[in-house]
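Chemist: Pasting the sequence and the predicted model now:
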Amino acid sequence: MTEHLELWAPSAGPTSAERTAAWLRAATPARIFAGRAGSSYRTATLLALRGDHAAARDAVSAPLDLDAPGMAALADRFPWTVVATMADSRRRYLRRPDLGRRLTPQARQAIRAEHGPGPDVQLVIGDGLSSTAVLAQVPALLPLLHEGCAARGWSVGRPIVVRQCRVGVLNEIGELLDPAVVVLLIGERPGLATAESLSAYLAYRPRPGHTDADRNLLSNIHRAGIPVREAASRIVGLVDTLMAEGRSGVAVKEAAALES
């Protein structure tokens, strides 16, 4: 009788629905098919969610540590100028985005004193809303951007690090140094999938009054998004396109850069 029952036992392998769920979970960091215990998340899911939430909060609130191993080594290779915006604290930065778009008078003076005008490309590093993203991506990305620019014969200004940085600070740097293109590497607002996502904003001859419509963006630079090496190639390609067209913004599509 036991042998007869074993012949009719259901297969122990995964069902079609289970295979589909596993494939989808592997394809996205989103929390899908997480299951539940009663009306709540399972314990493992809940603990992971709380851990990711804590990482996101830390990424927003933690100051950018320029003495961290990757950043310190980078500074030895590419000495940078460190400046700040009018947002004089992290709390003020989060409450007053407008102050993060304006450099302090001391910052403007330091940039004028330490930088020559008119480079082809000016690289800027901003903490933004995730210092974690800067620490995770910039040590590998900055050298690749320098190499890509050098291969095309472009002059590259000494990097500028901006604390309490918002994207609009591009306009002031463009006004001060008149580079052809400014590339801002800035930490993205972290989510519950990752706190390590970096964005690159590009602007052709930015000036006060320019808006996001005058800029180009490559976002989601992180291990599970756009890998650093691919990001560097795409950023350099976009710079090439902006220079060729003499403009940036919504009228310039990355497709043009990818085809060039």
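Modeler: On my side now, so go ahead.
Chemist: The residue nearest in space to the middle of the chain and G153, how far apart?
Modeler: By Cα atoms, centre = their mean, the mean C-alpha position of the chain lies nearest to L198, the distance being 1.1 Å. Note on L198: its distance to G153, by Cβ to Cβ, to the nearest Å, is 26 Å. Placement of C-beta: from N, CA and C, glycine included.
Chemist: just S131 next, same as before
Modeler: Counting by Cβ to Cβ, the gap from S131 to G153 is 33 Å.
Chemist: can you check R19 too?
Modeler: Going from R19 to G153 by Cβ to Cβ gives 52 Å.
Chemist: now Y204, nearest residue through space, not along the chain?
Modeler: Excluding its sequence neighbours, the residue lying closest to Y204 (Cβ to Cβ, 6 or more residues apart in numbering) is S248, at 3.8 Å.
Chemist: OK, contacts around the one you found?
Modeler: V181, L202, A203, Y204, D214, R215, N216, L242 (Cβ atoms under 8 Å, 6 or more residues apart in numbering).
Chemist: still on that earlier bit, does the residue nearest to the centre of the chain really touch L135, like I thought?
Modeler: No - proximity of L198 to L135 does not meet the contact threshold set by Cβ atoms under 8 Å, at 9.9 Å.
Chemist: Give the residue from S131 and G153 that has the larger number of neighbours.
Modeler: S131 (24 against 7; other Cβ atoms under 10 Å).
Chemist: Can you classify G13 by secondary structure?
Modeler: Three-state call for G13 (DSSP: H, G, I helix; E, B strand; the rest coil): coil.
Chemist: Give the buried residues for stretch 101-120.
Modeler: Residues R101, R102, L103, T104, A107, R108, A110, I111, H115, P119, D120 are the ones in stretch 101-120 that count as buried (16 or more other Cβ atoms under 10 Å).
Chemist: Which two among those are spaced furthest apart?
Modeler: The largest separation in those, counting by Cβ to Cβ, is between T104 and D120 at 26.8 Å.
Chemist: Run through the stretch 151-260 of the chain and note the low-pLDDT ranges.
Modeler: 191-193, 255-260 (pLDDT under 70).
Chemist: thinking again about what came up before, among the buried residues of stretch 101-120, which lie within strands?
Modeler: With strands taken from DSSP state E, there is no overlap with those.
Chemist: Dump the residues you listed into a markdown table; add distance to D127 and pLDDT as well.
Modeler: Shown next, in a markdown table, are the buried residues of stretch 101-120 (distance: Cβ to Cβ, whole Å; pLDDT from 0 to 100):
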| residue | distance to D127 | pLDDT |
| --- | --- | --- |
| R101 | 14 | 97 |
| R102 | 16 | 97 |
| L103 | 14 | 98 |
| T104 | 15 | 98 |
| A107 | 14 | 97 |
| R108 | 19 | 97 |
| A110 | 17 | 97 |
| I111 | 17 | 97 |
| H115 | 20 | 95 |
| P119 | 23 | 97 |
| D120 | 25 | 98 |
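Chemist: So which of those belong to helices?
Modeler: A107, R108, A110, I111 (DSSP state H).
Chemist: Out of the residues you listed, the closest to R57 would be?
Modeler: Ranked by distance to R57 (Cβ to Cβ), these are led by A107 at 27.6 Å.
Chemist: Where do the strands of the stretch 101-250 of the chain begin and end?
Modeler: All strands of the stretch 101-250 of the chain, identified by DSSP state E, counting those that start in this stretch, fall at 121-126, 156-163, 181-187, 198-204, 215-221.
Chemist: Next, format these as a markdown table and append distance to R90.
Modeler: Formatted as a markdown table, those follow (distance: least, Cβ to Cβ, whole Å):
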| stretch | distance to R90 |
| --- | --- |
| strand 121-126 | 14 |
| strand 156-163 | 9 |
| strand 181-187 | 13 |
| strand 198-204 | 19 |
| strand 215-221 | 22 |
